[in-house]
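Undergrad: Have a look; sequence and predicted model below, questions after that.
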Amino acid sequence: MSRTIRTFALILLYFLACGKSCDNQEQSDAEMAQRQVRAESDSLRAAFGSDTLTASTLQAYEETAVLKFADYCDYLMILADSTAAEPFRAKAREATSGMFISESSMLRYPKPAGIARSACISARIDQPLQRACDSVYTGKLRYFSSFHEQQSEKNMKQDRFEGTACFLVLKHQKKFGPDTMKVWEVFLGDPE
């Protein structure tokens with residue numbers, strides 16, 4: 001009988017020891033995951049949350065502004081296309097609203113009667129980014145646009161114009177899952 005009790009006690013100790021080591025492993029895995037999340041969060045803060053921007057980073061943000069403006073022009077083409085499906089046009093409308101610093105800053109092109117379509121031909125940096133304050137850099141884009149007017153079945157008139165618009169690199173709060181972090185982001189600004 002005592003031998004059975006000893007065997008049972010040893011088996012019980014074995015399970016307790018294994019259970020504890022499994023528990024330790026789970027705790028170790030959880031701590032490692034937390035360290036990894038902190039390391040990735042610190043990496044994001046270092047990359048996007050620095051207080052000042054280097055010359056190469058400013059240049060990258062300028063290129064981003066040009067690309068964002070080109071995307072805006074593509075969205076305008078979708079919005080102007082009456083044959084495009086409404087869900088597609090709604091997505092284009094939604095995408096354009098987040099590109100500008102405010103809704104009043106959105107570039108609005110006049111579309112006279114007879115205009116078949118409008119297009120932004122190109123954009124380039126007119127004034128490089130300059131620091132305006134601790135959390136804002138500003139610059140200017142120069143863009144060239146054209147309108148195609150149907151004058152007859154075989155004749156299409158093209159009017160070109162150019163303009164400028166400011167763009168900003170703004171440091172603001174942004175949500176990353178359950179966490180929020182101050183990051184730099186490019187926004188298009190007021191036309192001039």
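TA: Perfect, thanks for sending it.
Undergrad: Heading C-terminal from the longest strand along the chain, find the next helix or strand.
TA: Counting residues, the longest strand in the chain under DSSP state E turns out to be strand 156-176. Using DSSP states H and E, the helix or strand that follows strand 156-176 towards the C-terminus is strand 179-191.
Undergrad: buried sites along that following strand?
TA: 183-184, 186-190 (16 or more other Cβ atoms under 10 Å). For every residue, glycine as well, the C-beta is placed using N, CA and C.
Undergrad: Which strands or helices does that strand pack on?
TA: helix 2-48, helix 55-80, strand 156-176 (3 or more Cβ pairs under 8 Å, 6 or more residues apart in numbering; DSSP states H and E).
Undergrad: Now do that strand against helix 55-80, angle only.
TA: Going by axes from the mean of the first three to the mean of the last three Cα atoms, to 10 degrees, strand 179-191 is angled at 70 degrees with respect to helix 55-80.
Undergrad: Send me strand 179-191 as PDB with only the CA atoms.
TA: C-alpha atoms of strand 179-191 as PDB (Å, rounded to 0.1, in the frame of the first residue of the first chain):
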ATOM      1  CA  ASP A 179      -1.700  52.300 -29.200                       C
ATOM      2  CA  THR A 180      -1.400  55.900 -30.400                       C
ATOM      3  CA  MET A 181       1.800  57.600 -31.600                       C
ATOM      4  CA  LYS A 182       2.800  61.000 -32.900                       C
ATOM      5  CA  VAL A 183       4.000  60.500 -36.500                       C
ATOM      6  CA  TRP A 184       4.800  62.600 -39.600                       C
ATOM      7  CA  GLU A 185       2.400  62.400 -42.500                       C
ATOM      8  CA  VAL A 186       2.000  64.300 -45.800                       C
ATOM      9  CA  PHE A 187      -1.200  66.300 -46.600                       C
ATOM     10  CA  LEU A 188      -2.100  68.400 -49.600                       C
ATOM     11  CA  GLY A 189      -3.000  72.000 -48.700                       C
ATOM     12  CA  ASP A 190      -4.500  75.100 -50.100                       C
ATOM     13  CA  PRO A 191      -4.300  75.900 -53.900                       C
END
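Undergrad: Listing partners with orientation, what would you give for the longest strand of the chain?
TA: Applying DSSP bridges, strand 156-176 is found paired with strand 136-150 (antiparallel), strand 179-191 (antiparallel).
Undergrad: Which one, of those strands, ends up nearest to Arg93?
TA: Taking Cβ to Cβ, strand 179-191 is the member of the strands paired with strand 156-176 nearest to Arg93, at 15.4 Å.
Undergrad: so for the closest one, what's the average pLDDT?
TA: Mean pLDDT, computed over strand 179-191, is 89.
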